[in-house]
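Asker: Provided below for reference: sequence and predicted model.
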Amino acid sequence: MSTIGAYFRLARVGWVLVREGVVAALPSQGLPPIVVLAKSVAQIFTRPASIQESRSVRLTRAVDRLGPSYVKIGQFLATRPDVVGVDWALDLSMLQDRMAFFPTDIAKSSIEMSLGRPISDLYTRFDEPLAAASIAQVHQASVRYPDGDRTVAVKVVRPGVRQRFAHDIESMYLIARMQERLMSSAKRLRPIEVTRTLEQTTKLEMDLRLEAAALSEIGENTKDDPGFRVPKVDWERTGRDVITMEWIDGIKMSDVDGLRAAGYDLEKLAETLIQSFLRHTLRDGFFHADMHPGNLFVDPDGLIVAVDMGIVGRLGRKERRFLAEILYGFITRDYLRVAEVHFEAGYVPPHHDVASFAQAIRAIGEPIHGQPAETISMARLLALLFEVTDLFEMQTRPELIMLQKTMVVVEGVARMLDPRFNMWRAAEPVVGSWIRDNLGPKRIVADMRDGLKAAMKLAEAAPDIAAKTERFHQQLLHMTEHGGRFDPATAEAIGKSEARHSRFGRAALWVIAAAMVYIAIQIG
């Protein structure tokens, strides 16, 4: 029954996308003939008014109609330009995560259930909501601490959002499976794995204790960094459905005129933002993955304050090393080294030629060095990179795609502050310093230390591995002599399962067919 419900929800999603003209705006190139035909038929049902509107306007209206879950899905797909394309990723990144407020009484009840204490014990003042997004809304409140009352921000999870998302993600899995079946080129992008990543990321985002932990970790990592900080968390007033943190009195980075009027050095802010992001990525392997201007403030001391840590990214030390070498290779025009790093990391299948891949990388890098720095678009660079990696069958790397997309957003904020911002000149000190510290003797020592740890773990596990190997050997000998067979109960269970799935599949198809006929009659 769950699968049938997912088909119905998918049919509704398709209908909304058709009516709002989103399907009509899809490119036909590379689609199977049957999908192109279906797209042509769908245009008959598109609202005439939407034809004259821009694609981003159509997309925004469709997502608003579909509800909060699809806003979050759209924002996630904006971080995956390898899946939806760079142009669509940019359109999706403009989705506004602004929803209607839910009642303050419900927010208070949710806080009391989550923390097990009455609101009057937790806060001396609790105001009406100031902002509401797809997952949570924010209130201003006051807390009495030993040194006096202080203003705090209280973020509360939207009621019912977990159940709604659980239903909607089933439809996403259906789309992913259909994509893999109908489009052979999509297998390289692993849509089912992408959907699984979306599900996991959003589940984590819905547990505000994890956002609090991310704030705490980044706060510790950056406590000595110049020009950057994050709000402090009040752990006593934080739980699964609520997070209480320091209230930030500052100017949003989206308010460029306000920042200029306040006397801030916009060029310095842009440089600090990029360098802070690169430090978090290379030094810590842990970065804020949603650094749009609405999540960035400048406080009265001139420090950049990043909020809303619901989406974060991590990179292992090897991935950081590869990233630094790739960036530094582009900066220094060492395209052969950039290509070698891709092969060493396993990003490109080994049957391809390193020199040919270096030639393709050069085709991306040289135009960068042939332009004024302020005209170089990171979005355009990524578009070219995705085209090249497609030619060389490079498998999707979710952690790197999230990093690349965040880099595009951060660069966009920096360019908003300083239209002549030089991304590469700002990045070189951080990347170059990390290269010098981590790819010389320190790297050899670190690799030896990691190798020693791995050897010790292997030695500790050796007896268990030997015992399991012996048992497997005995089982293999027994199967060779006597054959492998199912017991009757297992065979019967498999038969019943196959029959049940077949019945449900046929029933679902008939239900969908009936629904589409009904819609056609209503339209007619």
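Answerer: Right, received. Where do you want to start?

Asker: Skipping adjacent residues, who's closest to Gly294 in space?
Answerer: Residue nearest to Gly294 in three dimensions, not counting chain neighbours: Ser254, with 5.9 Å by CB to CB, 6 or more residues apart in numbering. Where C-beta positions appear, they are placed from N, C-alpha and C, glycine not excepted.

Asker: For burial, what's the neighbour tally of that neighbour?
Answerer: 15 (other CB atoms under 10 Å).

Asker: quick one: contacts for it?
Answerer: Shown in contact with Ser254 (CB atoms under 8 Å, 6 or more residues apart in numbering): 293-294, 416.

Asker: which among those residues end up buried?
Answerer: Neighbour-count burial (16 or more other CB atoms under 10 Å) applied to the contacts of Ser254 gives 293-294.

Asker: Can you lay out the contacts of Ser254 as a markdown table showing secondary structure, distance to Ala89 and pLDDT?
Answerer: As requested, the contacts of Ser254 are exported to a markdown table (DSSP: H, G, I helix; E, B strand; the rest coil; distance: CB to CB, whole Å; pLDDT from 0 to 100):
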| residue | secondary structure | distance to Ala89 | pLDDT |
| --- | --- | --- | --- |
| Pro293 | helix | 17 | 84 |
| Gly294 | helix | 18 | 82 |
| Met416 | helix | 18 | 87 |
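
Asker: Next one: Arg503, what pLDDT does it get?
Answerer: On the pLDDT scale, Arg503 is placed at 53.

Asker: Make residue 1 into 12 and carry on from there
Answerer: Sure thing, new numbering starts at 12, so read that last one as Arg514.

Asker: quick one, phi/psi of the residue nearest to Gly305?
Answerer: phi -70, psi -20 (degrees, to the nearest 10).

Asker: What's the separation between it and Arg290?
Answerer: 23 Å (CB to CB, to the nearest Å).

Asker: between the contacts of Ser265, which is nearest Asp276?
Answerer: Met427 (14.8 Å; CB to CB).

Asker: Can you list the residue ranges for helices in the stretch 162-311 of the chain?
Answerer: 172-193, 202-216, 219-232, 267-272, 277-290 (DSSP state H, counting those that start in this stretch).

Asker: And the stretch 12-161 of the chain, by the same measure?
Answerer: Here the stretch 12-161 of the chain has its helices, by DSSP H, counting those that start in this stretch, at 13-30, 44-53, 66-77, 79-88, 92-95, 97-104, 115-126, 130-133.

Asker: Can you lay out those helices as TSV showing mean pLDDT?
Answerer: Below are the helices of the stretch 12-161 of the chain laid out as TSV (pLDDT from 0 to 100):
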stretch	mean pLDDT
helix 13-30	73
helix 44-53	73
helix 66-77	76
helix 79-88	73
helix 92-95	64
helix 97-104	68
helix 115-126	95
helix 130-133	95
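
Asker: Any idea which of the ones you listed gets closest to Val309?
Answerer: That would be, of these and by CB to CB, helix 97-104, which comes in at 22.0 Å.

Asker: wait, Glu31 sits on Arg58?
Answerer: Yes - between Glu31 and Arg58 there is a contact under CB atoms under 8 Å: 6.7 Å.

Asker: Those two: which is more packed in?
Answerer: Glu31 (25 against 14).

Asker: Over to stretch 243-250 now: how far is its first residue from its last?
Answerer: Stretch 243-250 has an end-to-end distance of 15 Å (CA to CA, to the nearest Å).

Asker: any residues touching that stretch, and which ones?
Answerer: 122, 125-126, 133-134, 154, 163, 165, 219-220, 223, 226-227, 230, 254-257.

Asker: how about a cut-off of 10 Å?
Answerer: Residues outside stretch 243-250 that contact it (CB atoms under 10 Å, 6 or more residues apart in numbering) are 121-122, 124-128, 132-134, 152, 154, 156, 161, 163-166, 168, 218-220, 222-227, 230, 254-257, 320.

Asker: follow-up on the earlier one: in JSON lines: the contacts of Ser265, plus distance to Thr480.
Answerer: Putting the contacts of Ser265 into JSON lines (distance: CB to CB, whole Å) gives the following:
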{"residue": "Pro304", "distance to Thr480": "57"}
{"residue": "Gly305", "distance to Thr480": "56"}
{"residue": "Met427", "distance to Thr480": "60"}
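
Asker: Between the contacts of Ser265, which sits nearest Leu141?
Answerer: Looking across the contacts of Ser265 and measuring by CB to CB, the closest to Leu141 is Gly305, at 12.9 Å.

Asker: measure the closest one to Thr212 for me?
Answerer: Separation of Gly305 from Thr212 (CB to CB) stands at 19 Å.

Asker: and the residue nearest to Phe298 when sequence neighbours are not counted, what does it touch?
Answerer: Nearest non-adjacent residue to Phe298, counting by CB to CB, 6+ apart: His291, 4.2 Å away. Neighbouring residues of His291 by CB under 10 Å, 6+ apart: 229, 232-233, 236, 239, 297-299, 302, 317, 323-324, 326.
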